[in-house]
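K.L.:
Sequence and computational prediction follow.
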Amino acid sequence: MITGLQLALVGGGFIGLGLALLVWRLVPAQPDLGDALERLSPDQPRRVRDRAETTAQPADTRERVGQWALKTFPPGAWARTPHRELALLRMPLTRFYGEKVLFALFGLVVPPLLMSFFAVIGLRLPFVIPVVATLVFAGVMFFLPDYNARDDAKKARDEFNRALGAYIDLVALERNSGSGSRQAMEVAAGVGDSWVFRRLSEELTRSRWSGEAPWEAIRALGHELGLTELEDLADIMRLSGEEGTQIYTQLRARSASMRTAMLNSELAKANEVGERMSIPMSLLGVIFMALLIAPALLRVVGGGS
């Protein structure tokens, strides 16, 4: 039989454990100095960031499944991973791999369910058809996240280039007003509130703390994301920072050429859309002509017979 003293001891133990956990939670964590210095290293910031994203606590089901798959499956099972696209979208590898696995499982489940439905209504198919359909559909679904990542990254690159043209103009104005290279780049990045400006501001801030030249950080970001325009900007800013070259004219010319290229691209897309819209109109005209000619042809055929 449990006495009152024993209950009081157990209750006091639970209260003490709760208070200890609360204090442990509120005490500031002591960072690992080696890990902090590695994060600030100019040579490995992105590798460290990728590893942190891979080993971090999963946030949802996709990341949990992806973390399990990353540890279980061999590297060759993923075919070609679009690292640049994922870096541009800031999608962790675990989430991407989790989507591939879940999509493939969906592809494995749907065809058998459809075949079961067909069997219930009396439509029986050869055994080889559901097997082949399941494998093909699972393969298509497995590679669907790759297509989604590349398509989303293409749209993100277009948006990045549009914002980058405005950023280059802002840097040119700052340089023309007498600001230094780093100050001009940081002030210009702080003007906008879009994700592009925030991304540039993060890289510039990281370069300030690591002691890296800002144009080198921008160049590394452009190489990571596959943005040659950002690398061109880094080359222009390097001339200003290392050789003291006046770059206002070069920056304005670069932004103007980017806007011209984007305008030409938009015009080409508009022409493609216009050509696609002309196809239904042409088919409608053909059908209308056929309706006009068909009665006369039927009368001729009927009279000849």
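P.N.:
Now that the structure is in, tell me what you want to look at. Numbering: from 1, shown residues only.
K.L.:
Touching, Gln183 and Arg175? I think so.
P.N.:
No: look at Gln183 against Arg175 with C-beta atoms under 8 Å: they stay out of range, at 9.3 Å. Backbone N, C-alpha and C define where each C-beta goes, glycine included.
K.L.:
and those two? which has more neighbours close in?
P.N.:
Taking other C-beta atoms under 10 Å, Gln183 and Arg175 do not tie; Arg175 has more neighbours (21 against 13).
K.L.:
so how far is Met115 from the closest residue to the more buried one other than its chain neighbours?
P.N.:
Nearest-residue entry for Arg175: Ala184, 4.9 Å, with adjacent residues in sequence omitted and distances by C-beta to C-beta, 6 or more residues apart in numbering. The gap separating Ala184 from Met115 is 64 Å, by C-beta to C-beta, to the nearest Å.
K.L.:
if you count what's nearby, which of the two comes out ahead?
P.N.:
Between Ala184 and Met115, Ala184 has the larger neighbour count (other C-beta under 10 Å), namely 25 against 19.
K.L.:
Quick check: which helices or strands does the helix or strand hosting Met258 pack against?
P.N.:
Element membership of Met258 [criterion: DSSP states H and E] is helix 248-304. If contacts are counted by 3 or more C-beta pairs under 8 Å, 6 or more residues apart in numbering; DSSP states H and E, helix 248-304 sits against helix 128-176, helix 228-243.
K.L.:
my read: the residue nearest to Arg175 touches Ile168, true?
P.N.:
No: with contact defined as C-beta under 8 Å, Ala184 does not count as touching Ile168 (10.7 Å).
K.L.:
still on that earlier bit, select, out of the helices and strands packed on helix 248-304, the one closest to Ser282.
P.N.:
Of all the helices and strands packed on helix 248-304, helix 128-176 sits nearest to Ser282, with 29.1 Å by C-beta to C-beta.
K.L.:
What strand or helix carries Ile15?
P.N.:
Secondary structure from DSSP H and E places Ile15 in helix 4-26.
K.L.:
could you give me the average pLDDT of stretch 71-85?
P.N.:
Computed over stretch 71-85, the mean pLDDT rounds to 80.
K.L.:
Show me which positions of it end up buried.
P.N.:
Neighbour-count burial for stretch 71-85 flags 78, 82, 84-85 (criterion: 16 or more other C-beta atoms under 10 Å).
K.L.:
Equivalent analysis for stretch 255-265, please.
P.N.:
In stretch 255-265, the ones that count as buried by 16+ other C-beta under 10 Å are 255, 258-259.
K.L.:
Kindly report the same for stretch 109-126.
P.N.:
Buried positions in stretch 109-126, judged by neighbour count with 16+ other C-beta under 10 Å: 111, 115.
K.L.:
Check what contacts it and list those residues.
P.N.:
The contact list for stretch 109-126, computed with C-beta atoms under 8 Å, 6 or more residues apart in numbering, reads 130, 133-134, 137.
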